[in-house]
Every structure is written in C-alpha cells, then in structure tokens.
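# Below are the sequence and a predicted model; questions follow.
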Amino acid sequence: MTNQPAPGSNGEQGATVVITHRVREGQQDQYESWLNEIGPLCRSYPGHLDWQIIRPIAGLTGTYTVVIRFDTREHLENWMGSPDRKRLIRKIRSTLAMDDDFFVSSGLDFSFVPDGAKAQVPVRWKQFLITWSAIYPLALGVPLGIVPLQRMLRISPGHYGETLLITGAVVALMVYVVMPRYTK
C-alpha cells in the first residue's frame, strides 16, 4: 500500500515518511545489506535531516520501520519518487512479505502512528497522557507571557482576545516546538 502525499502541500516545512517493510523469514541479512546500500543514497539527497531504523524483535516480528525526515515536503517527495529509490525497491521486493508501505506526514498529525501504517497505534490513554503532559505546562506558562505582553502593548484585556492569543501560542508551540521533540 502506498499513501500519496496530499496535493498542494509542496514546500511545507518539515516532512517525515514512515516506511514499514515486513521481511520474509530468513531474508533479514539480505535486507540489512540493502539498508546499508539505500541509507547513504537517501542521506545524500537535498534536504535530508534524519534516518532512523527500528529493527524487528527476534522471534516476535519481522517488520522493519524506517523513519526518514527531510526539511521540506518537496525534498521528501523528490527522494520517495526518485529513480534511485524505485530501483532499490525493485531490488529488495522479493525479500518483502508485503509491498513497500509508507506514509508521509508533517506537523502535529505525525505525533502518533498515522492511519494507514501497519504499525500498532498507541492506546488512547497513552496518547491522552502524552498530549496532556505537553499541553499542561504550556497552558500554565503561556498566559504568564501573553497577558503581560498584551497589557504592555496596551491591547485592552478581554476574555475572547486573550483566549485567542493564548490558544494560538499553545498550538504553535505544540506543533513547532514540543511535539517534534516528543516524537524523537
């Protein structure tokens, strides 16, 4: 299964692809060699930021998860659609139990396992606790900065205006600062 990026999203800052490959029994050494071939090539593409491999647990699973980050969605799409990657996917396809499966994402929607990925989604209560642990300190701290700043700029206090500024700041911090660090 291949999930294509949303149209019109080129140039979006920061993009991640999660690739899952279920490797046939006894083919792990060949797949590992293939990773050593494709990894340096991927890292040589413009905008590459990070490459992480989550290897299977012996005796439990044969699934490799590769997480690749680029600085823009356009750079990521260039790698994912490149002739180099297509050639190397064809080369390894016979060792895979299922087809090349990937999901491209950016922003807060990558905080948890994306829909369509074959990885296990964290249980809701864990998602709740992680998100709450990130939002709670922001909800306490952001008003301490916004309200005095609003007063200093002589913007008249008002429940709706303050709430608009505070929630905007909390969401911006979650998307651009907190969650990218949480998901590492």
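Received, thanks.

# now Gln30, nearest residue through space, not along the chain?
Thr95 (5.3 Å; CB to CB, 6 or more residues apart in numbering). In this view, the C-beta of every residue, glycine as well, is placed from N, C-alpha and C.

# now do His21
Tyr64 (4.8 Å).

# List of residues touching the helix or strand where that neighbour lies?
Applying DSSP states H and E as the criterion places Tyr64 in strand 63-72. With contacts defined as CB atoms under 8 Å, 6 or more residues apart in numbering, strand 63-72 is touched by 10-23, 31, 35, 42, 45, 47-56, 76, 79, 118-119.

# before we move on, the earlier item: the residue nearest to His21: neighbour count?
19 (other CB atoms under 10 Å).

# any idea how far it is from Ile38?
Distance, Tyr64 to Ile38, by CB to CB, to the nearest Å: 12 Å.

# try Met174
33 Å.

# which ones among the contacts of strand 63-72 are found in strands?
Within the contacts of strand 63-72, residues falling in strands by DSSP state E are 13-22, 48-54.

# List the buried residues for the lengthiest helix in the chain?
Taking DSSP state H as the criterion, the chain has its longest helix at helix 124-152. Across helix 124-152, burial judged by 16 or more other CB atoms under 10 Å covers 130-131, 134-135, 138, 142-143, 146, 150.

# Out of those residues, which two sit at the greatest distance?
Greatest spatial distance in these: Ile130 and Gln150, 30.2 Å, computed using CB to CB.

# how's the chain carved up into domains?
13-110, 124-182 (automatic domain parsing).

# and among those, the most buried is which?
Comparing those by mean neighbour count (mean count of other CB atoms under 10 Å), domain 13-110 ranks first with a mean of 16.

# Could you pull up phi and psi at Ile155?
When read as degrees, to the nearest 10, the backbone of Ile155 gives phi -90, psi 120.

# looking at it, it is touching Glu162, isn't it?
No: taking CB atoms under 8 Å as the definition, Ile155 is not a contact partner of Glu162, at 9.0 Å.

# how about the buried residues of helix 124-152 in JSON lines, adding pLDDT and distance to Met179?
Listed next are the buried residues of helix 124-152 as JSON lines, based on pLDDT from 0 to 100; distance: CB to CB, whole Å:
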{"residue": "Ile130", "pLDDT": "79", "distance to Met179": "9"}
{"residue": "Thr131", "pLDDT": "80", "distance to Met179": "9"}
{"residue": "Ala134", "pLDDT": "83", "distance to Met179": "7"}
{"residue": "Ile135", "pLDDT": "82", "distance to Met179": "10"}
{"residue": "Leu138", "pLDDT": "84", "distance to Met179": "11"}
{"residue": "Val142", "pLDDT": "84", "distance to Met179": "15"}
{"residue": "Pro143", "pLDDT": "83", "distance to Met179": "20"}
{"residue": "Ile146", "pLDDT": "81", "distance to Met179": "20"}
{"residue": "Gln150", "pLDDT": "78", "distance to Met179": "26"}
